[in-house]
Every structure is written in structure tokens, then in C-alpha cells.
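> Output the structure for:
(one chain, ligands or ions: 1)
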Amino acid sequence: MIEIEDLTVSYGQSEVIHGISFTAAKNETLAIMGRNGMGKTTLFKSLMGILPSKSKKASVDGVDIGGSETFQRVQKGLAYVPQGRMIFPTMTVQENIETGLEKSKNREIPEDIFALFPVLYDMRNRKGGNLSGGQQQQLAIARALVTNPKVLLLDEPTEGIQPSIIKDIAKVLNEIRKMREITIIVSEQVLSFTMEIADRIIVIDKGNFIHENKRSEVDAAKIKGYLSV
Ligand SMILES: Nc1ncnc2c1ncn2[C@@H]1O[C@H](COP(=O)(O)OP(=O)(O)OP(=O)(O)O)[C@@H](O)[C@H]1O
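The predicted model follows:
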């Protein structure tokens, strides 16, 4: 569970996130949707402590994360799958996953990881750079999950991935939620994908949240309107 109140993020003098507030519950998937440049990556980087931010409240499972360094936020239960996946191409699949353990209390890859991603088990000795885009995305998710996060942030996981594989990513995220009962927050532009995974959709526009709906009440035409230029 994550609670954020009145979060502001600036690059120098230029404020790009303007005091947004949200909560996401345990076992809930929240999608934050918006066009390029609307502030999704900035929001996620600030939540991870990669970018400085100000807020009235920022907590994970009741524990304050405001002012914490990135590694402390990971220890408090946040994990991050960055846009573009950022896996290590010259390291093996197994080594890539193990890099996620460095700041964690665990020493070994949890058993359910390879159950979730059988393809990564089959390819554990291959170099990360030789995997397909969809497999690299699975690897980036696996690496984030080894710290046993309470809240998993994924920045545009479908970017550059074929439509057939996008369905697999949706299936994996639904499976993760079922197995781990964690909070998942995903930034996205693809509505068909978020409709398969999200309980709630928020639209971000120029650093403000401008629309919010439960999945069951989503007006697809309205959200598509916000997402088109
Ligand atoms: N390093 C930076 N310095 C100054 N401004 C930046 C920097 N990075 C991003 N911005 C600006 O902040 C705003 C939000 O960008 P951000 O990358 O968070 O958007 P986004 O919604 O994630 O888009 P995308 O899908 O293209 O990544 C944009 O106006 C962008 O130009």
C-alpha cells in the first residue's frame, strides 16, 4: 500500500509535477496513463528517490519514505522497472536477476520467480542482450521482484513490445498480483493493456491528475481522447 500527498517535482526552476495525491491499496493495480512528456517517468523516478521531490506525505505500508535514499526505499518495499527495461546486455539472465538482490535481505532468487517466468529459467545462462524485447521485459520485472516488494512500479512496460507479447506481460502482472498480493502501479499509453490489468485508471496531463475511474466504470472513448494528441 502506498500513500502520496501533494507531491511536487521540479527540474531546476521548472516544476513538472504539480502537487498530486494518490493512494493504492495492497492487491490493487493502478494505471497512470498519459501522453509522452506528461510526467509519468518523472513521477516514478521521484517515488524511487532518483529525483528529488517535495510532499506532505509519502509512505509505503505506513512507513515514511520521504527523504529516503533510493536503496532505503527499496528496503522499505518499493521496486522499479524503468522505461526501456535497462537490463545488463553482457550479463547472463541469472546474473541480471541477481543484481536485484544486492540491496535486499535475501541472498537467493526466490523460488516463485522461475515459476512466474519459465522462459527465464530456460535461458538463465544466455546473455541478457540476446533476449527478445518481451523476454527482456520479463527479466526486468523478475529483477525487480527478487527484493519482495510491497509496491512494484513499472514505467511503460509495453513500449516497443509486439501486441502478442503484450498479452503475456498482462498475464504475468495479473499472476504476480495473485501470488504476491502486492500493489502494482504501471504507467502506460496502451488502454487495451491497462484494461486487462488495472483496477483503477488515472490520467496524467502536464503534471496534474485530470481524470480517474474504476476499470468497471471506464469511458474508453474519453480516456482515448486524453491520450491522443
Ligand atoms: N532532465 C530533465 N530536465 C528538464 N526537464 C525534463 C527532464 N526530463 C523530463 N523533463 C520534462 O518533464 C516533463 C515530463 O517528462 P517525463 O519524461 O516525466 O514524461 P513522460 O510522461 O514519462 O513521457 P515519456 O513517455 O515520453 O517518457 C516534460 O515536459 C519533459 O520535457
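> which residues sit against the helix or strand of the chain with the lowest mean pLDDT?
For the chain, using mean pLDDT, DSSP states H and E, the weakest element among its helices and strands is helix 111-116, scoring a mean of 87. In this structure, residues lying in contact with helix 111-116 by C-beta atoms under 8 Å, 6 or more residues apart in numbering are 97, 120-121, 142, 145-146, 172, 175-176, 179-180. (Glycine included, C-beta is placed from N, CA and C.)
> Thr8 is in contact with Leu43, correct?
No. Judged on C-beta atoms under 8 Å, Leu43 makes no contact with Thr8 at a distance of 10.8 Å.
> picking up where we left off before, between the contacts of helix 111-116, which is closest to the ligand?
Val172 (21.6 Å; C-beta to the nearest ligand atom).
> Tell me the helix or strand right after the helix or strand harbouring that closest one.
Per DSSP states H and E: Val172 is located in helix 163-180. Using DSSP H and E, the helix or strand that follows helix 163-180 in sequence is strand 183-188.
> Mind exporting the C-alpha coordinates of that next one to CSV?
The C-alpha coordinates for strand 183-188 follow below in CSV (Å, rounded to 0.1, in the frame of the first residue of the first chain):
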residue,chain,number,x,y,z
THR,A,183,0.4,-3.1,-5.1
ILE,A,184,1.3,-2.6,-8.8
ILE,A,185,1.5,0.8,-10.4
VAL,A,186,2.0,1.0,-14.1
SER,A,187,2.5,4.0,-16.4
GLU,A,188,1.1,3.4,-19.8
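> so what does the very next helix or strand once past that strand touch, helix or strand wise?
Following strand 183-188 in sequence order, the next helix or strand is helix 191-197 (DSSP H and E). Packing partners of helix 191-197 (3 or more C-beta pairs under 8 Å, 6 or more residues apart in numbering; DSSP states H and E): strand 29-33, helix 163-180, strand 183-188, helix 220-227.
> can you redo the ones you listed as JSON lines with distance to the ligand, mean pLDDT and mean neighbour count?
Shown next, in JSON lines, are the helices and strands packed on helix 191-197 (distance: least, C-beta to the nearest ligand atom, whole Å; pLDDT from 0 to 100; neighbours: other C-beta atoms under 10 Å):
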{"stretch": "strand 29-33", "distance to the ligand": "9", "mean pLDDT": "97", "mean neighbour count": "25"}
{"stretch": "helix 163-180", "distance to the ligand": "16", "mean pLDDT": "92", "mean neighbour count": "16"}
{"stretch": "strand 183-188", "distance to the ligand": "7", "mean pLDDT": "97", "mean neighbour count": "24"}
{"stretch": "helix 220-227", "distance to the ligand": "11", "mean pLDDT": "93", "mean neighbour count": "13"}
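> and of those, who's closest to Thr92?
helix 163-180 (20.7 Å; C-beta to C-beta).
> next one: the closest one to chain centre, how far?
13 Å (C-alpha atoms, centre = their mean, to the nearest Å).
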